[in-house]
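>>> Model the structure of this input:
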Amino acid sequence: MSMLLRLGPDDDVAVVRREVAAGDELEPGLLAGQAIPAGHKAAVRDLSQGAAVRKYGQVIGITTRPVRAGEHVHTDNLAFIDDGPGEAGVRAQGVTLTPPADLPRTFLGHHRADGRVGTRNSIAILTTVNCSAGVARAIARRTDDVVREDSGGRVDGVVALTHGTGCGMANSGPGWDILRRTLTGYARHPNIGALVVVGLGCEVNEMTGVLADLDLSPEIPLVSFTIQDSGGTQAAVARGVSVVRELASDLARQERRPADVSELVLGLQCGGSDGWSGLTANPALGVASDLLVAAGGTSILGETPEIYGAETLLMRRATSSHVVDDLRARIEWWREYTSSLGTTLDGNPSPGNKAGGITTILEKSLGAVAKAGHSPLSAVVGYGEPVPRPGLVFMDTPGYDPVSVTGMVAGGATLLCFTTGRGSVLGSRPAPTLKLATNAELARRMADDIDVDCSDIVEKGTSVAEVGRRIYDLVVETASGRATRSEDLGAGQEEIVPWQIGAVL
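Predicted coordinates:
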């Protein structure tokens, strides 16, 4: 078998299947110019300086010097080019998909009064300010396991929804709006069966304002108090523990009931990506997303900096010119935003991404958009905004995983799929997260964290469609209560990180 994996007939580079040494045969007539790690790129033809380099049939950068066939193509000879957001002449057109007849169409969920269906039934301790985070975490630590065990599994534990702000900030503007929208989205989340709100008592993000924003359904029990009014830390923790135990006894009477998969909202996230991400886990997740959308469900794609250079692939699937304009506007905002801070969107690929074989943001983006499959793009929404259903929706989020996931959950994601090539331990309670490995070595090395090994696509020739169906089936099982690896490990308590924009005063 050839050591090279060619992704497009006109590509200038191919992916190296296994680590090779200088002089090793990549394919008949082509020798490696030097050692090349697995998952990295080798030139398949001679390239002159300044030549556009194609992978996936798309330009991923330009050469900074002449490159010989068989040479390693990476950061020392390939550079980012910024051509601006997608071309003005993109014509919006959707794609119609039909789900297979044997596709599972129901799951067992928690039905809420507003008609939404949760995949978990958790008690949340929501904080108004960072100052009350310690109390919230202490309450959760003392009650999480006990509540889960005492309820016989009908309550999925207690999660502390803490964050690092809420004071020392202006009480208006984008940063304020994002914080309040995020807290409201979590409080109203269908995976939350009961809510406790804990404040300090003198913060900018006052308790009265937070409660007014929540406007919860009467079905959702709500208790609120401040540390100052409770008599200090120890008294507040004791009060919170007592309240949670009382709420849990009522919540434990609720049982899962059948629901259509159209009620599911799936967040699509990647982190710690490598050279295999765009070949295995991401396109397989795209298949699962397509199946869900075709069945009437909803998927959320985010990480705006990580679709840059590939946004036209989404624009061409948009359901209207309005959606195209909205996406282009978000891309342009990010170009101006990064420029004002003295950097470019090519600053996104991390050292780990590059060690895994990704060179430029253009290359990373082409792999990242594969998570969205081929469904029509039906809407573009702001960070943490309620996601319209059904269909594929794009949410404007940063690429930083905890911040991006926080926005998706606030927007209504009831579970997430997270692809990773380098390894991630994200859990994101109260929305269960399935982690998908892009390569076999990672799946073996971090087996306790990985739910699906997608490497069979390259290792065994398994079709992307088959692995995608496995992911879809596991999504439905997880929605019905099957624990993810992250849940087994108790991960996910630290990962509500609202996007911070604006002055810290």
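
>>> switch to C-alpha atoms for all contacts and neighbour counts from now on
OK.

>>> P66 is in contact with Q49, correct?
Yes - judged on Cα atoms under 8 Å, Q49 makes contact with P66 at a distance of 4.5 Å.

>>> if I pick G391, what's in contact with it?
Residues near G391 by Cα atoms under 8 Å, 6 or more residues apart in numbering: V293, G296, G297, T298, S299, S375, P376, L377, S378.

>>> Show me which of those residues is closest to E255.
Closest approach to E255 among the contacts of G391 (Cα to Cα): G297, at 22.4 Å.

>>> Quote the end-to-end distance of stretch 433-452.
Using Cα to Cα, to the nearest Å, one end of stretch 433-452 lies 11 Å from the other.

>>> and R445, how many neighbours does it have?
Around R445 there are 11 other residues, counting by other Cα atoms under 10 Å.

>>> actually G461, sorry about that
9.

>>> What of the one 4 residues further on?
As a burial measure, A465 scores 16 neighbours (other Cα under 10 Å).

>>> Spit out the contact partners of it.
Counting by Cα under 8 Å, 6+ apart, A465 makes contact with A284, V287.

>>> Could I get the full set of strands for the stretch 101-250 of the chain?
Assigned by DSSP state E, counting those that start in this stretch, the strands in the stretch 101-250 of the chain fall at 106-111, 117-118, 122-127, 158-161, 192-199, 222-226.

>>> quick one: the strands in the stretch 401-505 of the chain?
With DSSP E, counting those that start in this stretch, the ranges of strands along the stretch 401-505 of the chain come out as 415-420, 433-437, 452-453.

>>> what's the most buried one of those?
strand 433-437 (a mean of 30; mean count of other Cα atoms under 10 Å).

>>> how many neighbours does G168 have?
G168 sits with 13 neighbouring residues when counted by other Cα under 10 Å.

>>> let me redo that: D177
By other Cα under 10 Å, neighbour count at D177 equals 13.

>>> Just give me the residue closest to the centre of the chain.
Of all residues in the chain, the one closest to the mean position by Cα atoms, centre = their mean is Q269, 2.4 Å from it.

>>> contacting residues for that one?
Q269 sits next to L301, G302, E303, K371, D401, V405, L416, C417, F418, T419 when contact means Cα under 8 Å, 6+ apart.

>>> Tabulate those in TSV, adding columns for distance to D12 and pLDDT.
Shown next, in TSV, are these (distance: Cα to Cα, whole Å; pLDDT from 0 to 100):
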residue	distance to D12	pLDDT
L301	29	98
G302	29	97
E303	27	96
K371	24	97
D401	31	95
V405	35	97
L416	35	98
C417	32	98
F418	30	98
T419	26	97
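
>>> Among those, which one sits closest to P390?
Using Cα to Cα, those come closest to P390 at L301, 13.4 Å.

>>> With distance to R180 added, can I get the strands of the stretch 401-505 of the chain in CSV?
Listed next are the strands of the stretch 401-505 of the chain as CSV, based on distance: least, Cα to Cα, whole Å:
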stretch, distance to R180
strand 415-420, 22
strand 433-437, 24
strand 452-453, 35
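
>>> do you know which of those lies nearest D144?
With respect to D144, and counting by Cα to Cα, the nearest of the strands of the stretch 401-505 of the chain is strand 433-437 at 18.2 Å.

>>> just checking, what packs against that closest one?
If contacts are counted by 3 or more Cα pairs under 8 Å, 6 or more residues apart in numbering; DSSP states H and E, strand 433-437 sits against strand 415-420, strand 452-453, helix 485-489.

>>> so how far is the last one off the chain centroid?
Centroid separation for helix 485-489 versus its chain: 17 Å, with Cα atoms, centre = their mean, to the nearest Å.

>>> do the same with the first one
Per Cα atoms, centre = their mean, the displacement of strand 415-420 from the mean C-alpha position of its chain is 6 Å.

>>> Kindly spell out which helices and strands sit in contact with it.
Packed next to strand 415-420, using 3+ Cα pairs under 8 Å, 6+ apart, are strand 265-270, helix 281-294, strand 433-437.

>>> and the last one, which strands flank it?
Spelled out, it's strand 433-437. Using DSSP bridges, strand 433-437 pairs in its sheet with strand 415-420 (parallel), strand 452-453 (parallel).

>>> Throw these into JSON lines and include distance to D260, thanks.
Below are the strands paired with strand 433-437 laid out as JSON lines (distance: least, Cα to Cα, whole Å):
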{"stretch": "strand 415-420", "distance to D260": "15"}
{"stretch": "strand 452-453", "distance to D260": "24"}
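
>>> nearest to P386, of the ones you listed?
Closest approach to P386 among the strands paired with strand 433-437 is made by strand 415-420 (15.0 Å; Cα to Cα).

>>> which residues sit against that closest one?
119, 264-274, 277, 281-282, 285, 431-438, 479.

>>> nearest to V458, of the strands of the stretch 101-250 of the chain?
Across these, the minimum distance to V458, taken as Cα to Cα, is reached by strand 106-111, at 31.2 Å.

>>> Having no further points to raise, I will conclude here.
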